[in-house]
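[1] quick check, what structure comes out for this input:
(chains A and B)
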Amino acid sequence: MLRKKRIIMAKMGLDSHDNGLRIVSKWLVDDGYEVIYAGVYNSAERILRMAIEENADALGLSFLGGEHLHYTEKLIGLLRENGLSNVKVLAGGIIPPEDVVTMKKIGVDAVFTPGTQRPEILGAIGKCMGKEKEPDEN
Amino acid sequence: MADSPKIEFDHTTGEKLPHFRSLSEIEYQRIYSREDWDKVLPDAGEYPFVRGIHKDMYRGRLWTRRQQSGFGSPEESNELLKFLLNVGQTGINIDSDIGTKLGLDPDYPLAQADVGLQGTSMCTYEDMVALFKDIPLDRISSTLIFPPPSSPVLMGQYLLMAKEQGIAWENLIGTIMNCSFTQLVGPTFQANTAFFPIDLALKIGLDLIEYLLPRVPKWNILNVNSRNIRESGVDAVQEAAFVLALGTDYVDRLCKRGVDIDRFARRIGFFSAVHLDLFEEVAKFRAMRRIWARTLKEQFGAKDEKSMWFRVAVQTSALTLTAQEPMNNIVRASIQTLAAILGGVQSVHTTSYDEAFCLPTEATQKLAIRTQQIIAYETGVTKSVDPLGGSYLVEKLTDEMEERIWELMKLIEKRGGFIECFKEGWVEQELNQARYKLARQIETSELPIVGMNLFRGGETAAEIDIFKQKPDMQAKRIGYAMKYKKNRNQEPVRRALKNLYDRVRKESDKDLIVPILESVEARATLQEICDTMREASDFTIPQ
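    Numbers count the residues shown, from 1 in each chain, chains lettered A, B, ... in the order given. Okay, the predicted model is just below:
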């Protein structure tokens, strides 16, 4: 049995506008991913801990209020320090164009801004992580 | 993206709409006539106020232009407020950052990266003084967007500021939002319950109301926000039913505390969204006025007509705005502003077109104010009261909306009221269903959005100026909060917080406002006061 790819979906910091997070989470489930819904008010440390505990393949992060650079930078740093550079980082939300470029430089694998449609999001995520995965060793 | 339009055009037959349903799925008829509506309307200013709460409406006084604003430090926001007043804003609407709303100081680790982003960062009495520098508190009305647990603390700072400036509390004019359910998002459950016990939040909100009523008689004590409900994706019927049901819950709780209905009901206001379905939105506001008036009179026995007024401020929807071709948003916001005016609202925030990218810049905020001024002064729609009243379509739609809103309100009442529905997760479920539905409607173009799912043309980068915060703003605020707490006289703070702790711990049914105000006066910060109440309730918050 191949196990489904596992994605943790979260908002970080204090913004709790979660329309996008809810909707994309459902799209991912419908598309055959296993979604762990971490909800709102997450710190980078909490997401790191969850990524380790849940053996996640990817982290899906949603932003609105301008806290995107701070948190993606911090989280990607923590992933590297903990040997989890293989975990994909995906982001979406209200992110100004020049910050999209910066985030990709920092190491975010894909960034989706408002109005991006389902096929484009799922296509990009599928491509970035390959949908099915070898069975767990444990 | 070439493949997006789901509506196919055949230029030999012309363009057609995909359907004729309203956003709330009411089927628009081909034409409306006397057979659909044949009643007599009360005058404006007459119960149940379907045509407006005032006899003269905008002939007597234009609506208040009240753009929500606030960012960065209180000093920066003070500059912005003065800028807005200079270009013709007629009321202040100050928004705080999320940490402030949640009762967190800038130096709280999880709050640090959000400091000053979506509103101004506030935590000390001195912050409040800086925010209102040069602004006459007794001549300009201010809406303070603070929910519990921050509302009693920041209102306390505001009152202390008035006292120290020698302004009598009875001359203060403004509004404290003060709703524990609708000031963040949704109300989704986690967002509104993670940082403070929800029952205690509700209680201190009501305590604050009781404190303000006799002491600050012109102050509005509660504003229930359905805009945030609507922005989750629900339709106009749900928006109206949810907020009126919640408003009813508040009135009921205040009555049960023994406060006379005619003393407080007139001090409650609402804050709604305005969407693009113009006639439906007009019908919504007209129906909401009727329902609120009837509820107050028939269910709660209000005698004073002012108690029955559904007074509403609005902000045009940001959910309808697109990142694609952002200039189109100017058109959307203009039409929504017009809908609000045709609906007879009391104050308007026209959302800036750059909201799909960032906080509005000064230029886009000015444009938003200009939009309102053009509608007010150039279009003539303000010259007659309730100009759409008597339209077969609008009247029939008002009746239909009213019926559907009542029906949903009854369902909520049967389930124990809105607050109960929120606590047991029913509201959450409704919101999520609405979001999935909205996503599907956008995907299938059943909800056409020009430039996004219809006529989408080329993904050229939007050329707009992006609002930027000062790079050291957050670090400065964090440093300020830490230094402040270190350098003040600690003994009065310790004593005041101890009193508050004991009150919450041992006598939590008693008033909590006085010990909160004493803590404010002793110069305790926002989070110190909120943390004291959290600790006394054995409540822990996300790290």
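
[2] and the residue of chain B found nearest chain A, what does it touch?
    Closest to chain A within chain B is residue B:191: 3.5 Å, counting by C-beta to the nearest C-beta. Glycine gets a C-beta too; all of them are placed from N, C-alpha and C. The contact partners of residue B:191, taken as C-beta atoms under 8 Å, 6 or more residues apart in numbering or on different chains, are A:16, A:18, A:40-41, B:184-185.

[3] just the helices in the stretch 101-250 of chain B please.
    B:125-131, B:150-164, B:189-193, B:198-215, B:227-230, B:236-256 (DSSP state H, counting those that start in this stretch).

[4] just send those helices back as JSON lines, with distance to residue B:108 and mean pLDDT too.
    Converted to JSON lines, the helices of the stretch 101-250 of chain B look like this (distance: least, C-beta to C-beta, whole Å; pLDDT from 0 to 100):
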{"stretch": "helix B:125-131", "distance to residue B:108": "15", "mean pLDDT": "98"}
{"stretch": "helix B:150-164", "distance to residue B:108": "13", "mean pLDDT": "98"}
{"stretch": "helix B:189-193", "distance to residue B:108": "17", "mean pLDDT": "96"}
{"stretch": "helix B:198-215", "distance to residue B:108": "18", "mean pLDDT": "98"}
{"stretch": "helix B:227-230", "distance to residue B:108": "23", "mean pLDDT": "95"}
{"stretch": "helix B:236-256", "distance to residue B:108": "29", "mean pLDDT": "98"}
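
[5] with residue A:30 as the reference, name the closest of those.
    helix B:189-193 (22.5 Å; C-beta to C-beta).

[6] and residue B:115, what are its phi and psi?
    phi -60, psi 120 (degrees, to the nearest 10).

[7] what residues are up against it?
    Residue B:115 neighbours (C-beta under 8 Å, 6+ apart): B:97, B:99, B:106, B:121, B:473-474, B:477-478.

[8] which one's the longest strand in the chain?
    Using chain A here. strand A:34-42 (DSSP state E).

[9] hmm, no, I was thinking of chain B.
    strand B:268-274.

[10] following that one, which helix or strand shows up next?
    Remark: after strand B:268-274, the chain's next helix or strand is helix B:278-294, criterion DSSP states H and E.

[11] and after that following helix, which helix or strand comes next?
    helix B:305-308.

[12] how far off centre is that next one?
    21 Å (C-alpha atoms, centre = their mean, to the nearest Å).

[13] repeat that for stretch B:313-321.
    Put simply, stretch B:313-321 sits 10 Å off its chain's centre (C-alpha atoms, centre = their mean).

[14] that one: which residues count as buried?
    Neighbour-count burial for stretch B:313-321 flags B:313-318, B:320-321 (criterion: 16 or more other C-beta atoms under 10 Å in any protein chain shown).

[15] give me the number of residues near residue 68?
    Answering for chain A, as no chain was given. Number of residues near residue A:68 (other C-beta atoms under 10 Å in any protein chain shown) recorded here: 28.

[16] sorry, I should have been clearer: chain B.
    18.

[17] my guess is it contacts residue B:91, does it?
    No. Residue B:68 lies out of contact with residue B:91 (C-beta atoms under 8 Å); the separation is 10.7 Å.

[18] and the contacts of stretch B:369-381?
    Under C-beta under 8 Å, 6+ apart, the answer for stretch B:369-381 is B:58, B:62-63, B:65, B:67, B:84, B:87-89, B:330, B:333-334, B:337-338, B:341-342, B:348, B:350, B:382, B:387.

[19] what is the closest residue in space to residue B:250 that isn't next to it in sequence paired to in the beta sheet?
    In this structure, residue B:250 finds its nearest non-sequential neighbour in residue B:222, 6.2 Å apart by C-beta to C-beta, 6 or more residues apart in numbering or on different chains. According to DSSP bridges, residue B:268 are recorded as the beta-bridge partners of residue B:222.
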